[in-house]
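1. Sequence and predicted structure, then a few things I'm wondering about:
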Amino acid sequence: MPAASQTIVLTRYWHRLEDGRVQCDVCPRACKLQEGQRGLCFVRGREDDQIKLFSYGRSSGFCVDPVEKKPLNHFLPGTAVLSFGTAGCNLACKFCQNWDMSKSREMDTLADAATPAALAAAAKSLGCASLAFTYNDPVIFMEYAMDVAAAGHELGVNAIAVTAGYMCLEPRLEFYRHMDAANVDLKGFTEEFYWKICGGHLAPVLDTLKYLKQETRVWFEITTLLIPGLNDSDADIESETQWIMENLGADVPLHFSAYHPDYKLRDRPPTPAATLMHARSIALNNGLHYCYTGNVHDRSGSSTWCPGCGGLVIERDWYELGAWNLDDDGHCLNCGTAIPGKFAGKPGHWGRQRMPVRVTPLPRDRV
């Protein structure tokens, strides 16, 4: 029985099947549930003959991060974001870098509680330009994320989704109406990789990316975590970057990030920096204007360079900003080329710091 302080929310996206089960329609996994069962994500489940969200208002922790850590390099650079997530996930990635939260099946992982209004107020008081739904995928707690986003917007705080993009059409339409920016984790570029390593499929993620580009004004960037021997071949990188160029255009930023051994995939070595730099060169050769390396120290690969004149427009050293050669409207000071993204005059000065915060603590013995 849930504690009195735990809010359980009825959800919209589900339907009853002829065999008596109830199917969740939020993501392509389409979990078909008997009474009392949870979906693979763990936080959505069947109770009283309908699908409910069991993690509304509860988080696995809050932290103020630089926006570049999401990673977003073209969305209010240098600003702080209030980040949080919940337990659970709707994919089953063997290499999950946040598996202690995303794969948790213990509700006491959700140690903090906060209403949407409290989160928005906390972000505002902490000087955060945005709230970020991260650590696990906000698709599975979309009702909570959307309410937090709406509360933030009332106070002038942006909403950022850090997501794998594994979502069905109708909930996708509603979810992204509330988002200002997103980073979509494109985990690889073969169906085999998605199925064997992530327990999902590639096509729905590509559909999300095309939807964001063609039908929304959400600013989005893409991240691919490169794992040695699994998704880092030249053929994979060529296919991915050519697809991005043809379907999304040259101006969508792409981040190649380094993997470290974790969860169920500890037999692979960490990604060499040279692999990321090589992947970046392939992306640039295929016409992408903005490609970045992540989780390694690479000033050149983490900085933004003007596609017009080749000059440095935003210098980055890890998450610390250096030289800033953009005007207040985001144009290169040297040649006037417009750099796509959301810029607000001068950059923020949050830097590399990471600051854990508490919003409203719950007693540890409450479930």
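-> It's in.

2. how about the nearest residue to Met167, chain neighbours excluded?
-> Spatial nearest neighbour of Met167, excluding adjacent residues (Cβ to Cβ, 6 or more residues apart in numbering): Val139 at 5.0 Å. (C-beta placed from N, C-alpha, C; glycine too.)

3. What of Asp147?
-> Distances taken as Cβ to Cβ, 6+ apart place Pro116 nearest to Asp147, at 4.2 Å, with adjacent residues excluded.

4. I figured Leu254 hits Glu221, correct?
-> Yes - using Cβ atoms under 8 Å, Leu254 makes contact with Glu221 at a distance of 7.3 Å.

5. Now do the same contact list for the residue nearest to Met167.
-> Val26, Cys27, Asn90, Thr163, Ala164, Tyr166, Met167, Pro171, Phe175 (Cβ atoms under 8 Å, 6 or more residues apart in numbering).

6. per the record, what domains does the protein have?
-> 9-53, 58-356 (automatic domain parsing).

7. Make CSV out of the ones you listed and add mean pLDDT.
-> Shown next, in CSV, are the domains of the chain (pLDDT from 0 to 100):
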stretch, mean pLDDT
domain 9-53, 95
domain 58-356, 93
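
8. Can you tell me which of those is packed in deepest?
-> domain 58-356 (a mean of 19; mean count of other Cβ atoms under 10 Å).

9. mind checking the end-to-end distance for that one?
-> The stretch domain 58-356 measures 16 Å between its terminal residues, going by Cα to Cα, to the nearest Å.

10. Likewise for stretch 265-284?
-> Start-to-end, stretch 265-284 (Cα to Cα) is 30 Å.

11. which outside residues touch it?
-> 94-95, 197, 224-230, 232, 234, 237-238, 241, 244, 254, 256-261, 291-298, 301.

12. can you pull out the strands in the stretch 201-350 of the chain?
-> For the stretch 201-350 of the chain, the strands defined by DSSP state E, counting those that start in this stretch cover 219-226, 254-258, 291-294, 304-305, 312-317, 320-324.

13. The second one - which strands sit beside it in the sheet, and in what orientation?
-> Paired strands of strand 254-258, with direction, are strand 219-226 (parallel), strand 291-294 (parallel) (DSSP bridges).

14. Show me the one of those that comes nearest Val67.
-> strand 219-226 (10.7 Å; Cβ to Cβ).
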